[in-house]
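J.: Turn this into a structure:
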Amino acid sequence: MTTPGPKLPGPKLPGPKLPGPDHPIAVTRNPRRVRVRFQNHVIADSDATLVLREADYAPAIYFPREDVETSFLTQTARRSTCPYKGEASYYSLMMDGDLIENAAWSYEAPHSATSEISEMLAFYPDKVEVYELDETERPDPRRGEFI
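T.: Modelled structure (predicted):
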C-alpha cells in the first residue's frame, strides 16, 4: 500500500486585474436624473445613478436598487466574470406577459477598483429605454410615469 505524497498546488488562478492606462475604468456620479422605461412603464427613476466608463466600451449607467421597481425582475442562472469588476448576475424582466431575458445585470460584490457599483443594477439599452431627463421635464402619468 502506498501513501499519498504531499499535495501539489494546482494552477494559480489569476486574481482581479487593476484598471490602468491599457484598460481605464472610471466610475462617476451622474448629475442628471435617469429613467428606464419598458412598454411605457417606468421601471427605474433615479437622480443617484453612477456612470461606469470602461476602456472603449459604451458607458453603463448603474441604478441604486431602491430606485428600481424590482418586482418586475427575476434573477437568472446566467453569470459572467470580468477580470476588472468581478462576477455579474443577470436579471430578466417580465411585464404585461412579455419576458425580456437578461435585461439587467449587477455586480453583487465587485472587485475593489469598482466597489461603488456594488449591488446596483444596470440595464441593456437595446432591451429597454434608458434615458436622461431634462431638468424641466416632469413625470407624465398618461405615459405611465409616476414618482
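
J.: Check which residues of stretch 88-95 are buried.
T.: For stretch 88-95, the neighbour count (16 or more other C-beta atoms under 10 Å) marks Ala88, Ser89, Tyr90, Tyr91, Ser92, Leu93, Met95 as buried. Yep, even glycine has a C-beta here, placed from its N, CA and C like the rest.

J.: Out of those, which is nearest to Ala77?
T.: Nearest to Ala77 among the buried residues of stretch 88-95, counting by C-beta to C-beta, is Tyr90 at 8.4 Å.

J.: Checking that closest one next. Helix, strand or coil?
T.: Three-state call for Tyr90 (DSSP: H, G, I helix; E, B strand; the rest coil): strand.

J.: all strands in this protein, in order from the N-terminus.
T.: Ranges of strands in the chain, per DSSP state E, are 25-29, 34-38, 41-46, 50-54, 60-63, 73-82, 86-95, 98-106, 121-123, 129-132.

J.: coming back round to it: for the buried residues of stretch 88-95, point out the one with the lowest pLDDT.
T.: The lowest pLDDT within the buried residues of stretch 88-95 belongs to Met95, with 92.

J.: isn't it right next to Phe38, touching?
T.: Yes. Between Met95 and Phe38 there is a contact under C-beta atoms under 8 Å: 5.8 Å.

J.: Need the strands of the chain in a markdown table (columns: distance to Lys17).
T.: Below are the strands of the chain laid out as a markdown table (distance: least, C-beta to C-beta, whole Å):
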| stretch | distance to Lys17 |
| --- | --- |
| strand 25-29 | 10 |
| strand 34-38 | 28 |
| strand 41-46 | 29 |
| strand 50-54 | 12 |
| strand 60-63 | 18 |
| strand 73-82 | 9 |
| strand 86-95 | 11 |
| strand 98-106 | 19 |
| strand 121-123 | 20 |
| strand 129-132 | 27 |
